[in-house]
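Asker: What follows is a predicted protein model with its sequence.
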Amino acid sequence: MHNPTADLAIRLARATFNRALEQGDLNAITAILAPDVTLITGTDSAVLNGRKAQLQAWKREFAAQLAQRTTYTRTTEAIVISKCEPIAMEHGAWQGRDAGGKVQASGSYAAKWRNLAANAPQSRWVLEAEIFVTLA
């Protein structure tokens with residue numbers, strides 16, 4: 001289903017998430033993650049269950065010196081909005097770059113979003129699940 005308002009809201013949330021990863025902003029990440037969010041990593045398929053587990057992982061990542069950090073970016077390629085539920089599926093490509101901008105790893109991802117304010121004047125899309133595959 002094509003829903004330009006939902007599509008834009010999810011793309012803006014993704015941009016906010018990317019910016020938060022770049023800036024090491026845990027508060028911004030917290031606002032985008034559902035309490036029971038699940039993340040499956042791209043290389044070893046480690047499972048991070050829940051907002052707290054994911055925030056702890058990002059906190060460790062952000063604690064590294066900037067010169068040692070990998071910055072991850074997700075680039076949305078498509079969003080499909082459900083016709084019957086306040087959910088959506090995002091597909092895209094991800095990259096991890098070092099401080100010099102060199103790509104260290106990349107691949108594909110899928111993300112499930114939920115609109116927590118589906119019947120409210122202002123939507124609020126949060127991530128419920130993400131799965132990553134490392135391809136290069």
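Answerer: Yep, it's here.

Asker: The helix or strand where residue 19 lies: which residues count as buried?
Answerer: For residue 19, the host element (DSSP states H and E) is helix 4-23. Using 16 or more other CB atoms under 10 Å as the test for burial, helix 4-23 gives 6, 7, 9, 10, 13, 14, 17, 18, 20, 21. From N, CA and C alone the C-beta is placed, and that goes for glycine too.

Asker: Alpha carbons of the next helix or strand after that helix, in PDB - could you do that?
Answerer: Using DSSP H and E, the helix or strand that follows helix 4-23 in sequence is helix 26-32. Coordinates of the C-alpha atoms in helix 26-32 are reproduced here as PDB (Å, rounded to 0.1, in the frame of the first residue of the first chain):
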ATOM      1  CA  LEU A  26      21.700   7.400  22.800                       C
ATOM      2  CA  ASN A  27      18.700   9.600  23.700                       C
ATOM      3  CA  ALA A  28      17.700   9.900  20.000                       C
ATOM      4  CA  ILE A  29      18.100   6.200  19.500                       C
ATOM      5  CA  THR A  30      16.000   5.400  22.600                       C
ATOM      6  CA  ALA A  31      13.100   7.300  21.100                       C
ATOM      7  CA  ILE A  32      13.100   5.300  17.900                       C
END
